[in-house]
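> What shape does this take:
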Amino acid sequence: MTDITGLRSIDRKELLRIPQEPVPKQSPEERIQNFNEVYQGYNEETVIIEAARCIQCPEPQPCVLACPIHNDIPLALWHTAGGDFIEGYKAYRLTSTLSEVCGRVCPQELLCQGACVVGAHGELPVFIGKVEAFLADYVRSRGGLNLKPLPPTGRTVAIVGAGPAGLHAGELLAIKGHSVDIYDAWPKPGGLLVYGIPGFKLEKDKIDALIKRIENVGVRFIGNTRINDPGQPSVDDLMEDYDAVLLAIGAGITATMGTEGEDLPGVWQSVPFLVATNLPASELPRDFPIPDVKGKKVVVVGGGDTGSDCVRSAVRAGGAEVTLSYRRTEAEMPGRVEDRGFAREEGVNYEFLTQPVRFIPGEDGSVAQIEIRRMELGEPDSSGRRRPVPIEGSEFIMDADMIVLSIGFWPDEDFVKSVEGMDIKRWGEIKVDPDTAMTSRTGLWAAGDAVNGADLVVTAMAGAQSAALSMDRYLQALTEEYHMLQVSSRISSLR
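Below is the predicted model of the structure:
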């Protein structure tokens, strides 16, 4: 990490008196009519003011420690405060290739921003994420950096999964001079960045530009390819055809409730619902189902970030009445507080301490009502949150034309079990070496939600970074070994 303390005289007390610079937003009335990002971003003047609020703590800086990939945030803010936005962005590029994403979707209030010392002195913390997003947008609007990969090594890499982990590792390895192919089951690369995160949090043009940048450093994307499916390449095929393989398949299997009526028409899983409501039909896989939300009573079950994304998407898709049901209280909800605030402004209702018992069909066979049971909080469970306990006799009926289940995600256990010689954990996550991210099978790495379970974009990137570094060392060693064999062969031929 670059040491920037002492570059200028800083009156920290004076800096602490600068209030947080607000970021313009769409009004609730305006934003429910579109899928554009809520935040409209800083401009050059306001981002300088906000970045200047950083008091440049001595190392180890809490914000850096709180970031899973340890971005040098003080260095980035130092350059930004001086108006050198390109150098500010380059400070992030030392560790991150996805600033346009992390600046928007990372829960900074729990990570870097939550650790900001400015926030501990009575003022709001530095708005780190919004500064990062500005820097990425600024550089992109000016054509991006001139990224030049190292000379080709002749080594080949296959990555399975074009989500955050795959994209991050792919770009890092391509810049090192390796030939990288990324396979994905979806038509477009981007994974959850395209098919999971709604445009009001991350507009798709940002991802389109990101993909183009990665292609420009030599990465090739191969879509509509589900590895290990019949008629498709297998992991073994990739291991034979490439020098190294990375599994970055995410955690795309949606959890089910096992509730009566869960298979009724009108009951949706969260991912298909988000995909269909957030993308134009032209970008969907062939025959992809599209929900008719307009004028419907929609109930979303689940309290995480995906649940918030679903209710807010339902509002924008024309839902007449949108409700989120969660079995604990708001204090135990795992999703972002900011998103719930936005959802309430957009007209979403919340039913806390409630859990569906069964989904009830109407005359046409589609879901028409939910039987819901009231809950109360008991003793803490293994997560540390108080366990929801049913209240006997508290059941009531709620009308609902559409249900969206958002109760969690798991890695694809069938996929990982089909990979011979690879160890997995109890719930289907892939076991890897904590230092190298290599699996129990030599030449095969794994990273992201496939290893961690459903988690953050930035934690997926942290694992991908470890994997890319390890893979590069492995590939360089193969190259050195190859050259030594060539030299040995030439010497033998001369004897």
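> Every contact and neighbour count from this point should use C-alpha atoms.
Fine.
> So L75 versus G250, what's the distance?
Per Cα to Cα, to the nearest Å, L75 is found 32 Å from G250.
> ok, these two, which is more surrounded?
Taking neighbours as other Cα atoms under 10 Å, L75 and G250 compare with G250 leading, 31 against 23.
> That one against G163, yeah?
Yes: in this structure G250 lies within contact range of G163 using Cα atoms under 8 Å: 7.4 Å.
> What lies in contact with the strand or helix carrying L75?
Using DSSP states H and E, L75 sits within helix 73-81. Helix 73-81 is touched from outside by 2, 4, 47-52, 54, 56-57, 61, 63-64, 85, 87-92, 128, 131, with contacts defined as Cα atoms under 8 Å, 6 or more residues apart in numbering.
> C-alpha coordinates for the next helix-or-strand element following it, CSV please?
Next along the chain after helix 73-81, taking DSSP H and E as the criterion, comes helix 85-93. C-alpha atoms of helix 85-93 as CSV (Å, rounded to 0.1, in the frame of the first residue of the first chain):
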residue,chain,number,x,y,z
PHE,A,85,-9.8,11.5,-11.0
ILE,A,86,-7.9,9.2,-13.2
GLU,A,87,-5.2,8.6,-10.6
GLY,A,88,-8.0,8.1,-8.0
TYR,A,89,-9.5,5.3,-10.2
LYS,A,90,-6.0,3.8,-10.7
ALA,A,91,-5.7,3.5,-6.9
TYR,A,92,-8.8,1.3,-7.0
ARG,A,93,-7.4,-0.7,-10.0
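> which residues are contacting helix 85-93?
Contacts for helix 85-93 (Cα under 8 Å, 6+ apart): 71-73, 75-80, 99, 132, 135-136, 138-139.
> try 10 Å this time
Helix 85-93 is contacted from outside by 1-2, 44, 47-48, 70-82, 96-99, 131-139, 142, 144-145, using Cα atoms under 10 Å, 6 or more residues apart in numbering.
> Report the buried members of the residues you listed.
By neighbour count, with 16 or more other Cα atoms under 10 Å, the contacts of helix 85-93 hold 47-48, 70-81, 96-99, 131-139 as buried.
> still on that earlier bit, quick check: neighbours shared by G250 and G163?
With Cα under 10 Å, 6+ apart, G250 and G163 have common neighbours 191-192, 448-449, 460.
> Most neighbours of all the residues you listed, which one?
When these are compared by neighbour count (other Cα under 10 Å), G448 ends up highest, at 33 neighbours.
> what helix or strand does the closest residue to that one other than its chain neighbours sit in?
Nearest non-adjacent residue to G448, counting by Cα to Cα, 6 or more residues apart in numbering: A460, 3.8 Å away. Assigned by DSSP H and E, A460 belongs to helix 457-494.
> Specify the angle between whichever strand or helix holds E45 and helix 85-93 in degrees.
For E45, the host element (DSSP H and E) is helix 44-51. Put simply, helix 44-51 runs at 50 degrees to helix 85-93, going by axes from the mean of the first three to the mean of the last three Cα atoms, to 10 degrees.
> Would you check the distance separating helix 44-51 from the middle of the chain?
Relative to its chain's centre, helix 44-51 lies at 27 Å (Cα atoms, centre = their mean, to the nearest Å).
> what's in contact with that helix?
By Cα under 10 Å, 6+ apart, the residues outside helix 44-51 that reach it are 18-23, 41-42, 52, 74, 76-85, 125-128, 130-132, 134-135, 138.
> how far away is the closest residue to R31 other than its chain neighbours from E345?
Nearest residue to R31, sequence neighbours excluded (Cα to Cα, 6+ apart): V38, at 6.7 Å. For V38, the distance to E345 equals 12 Å [Cα to Cα].
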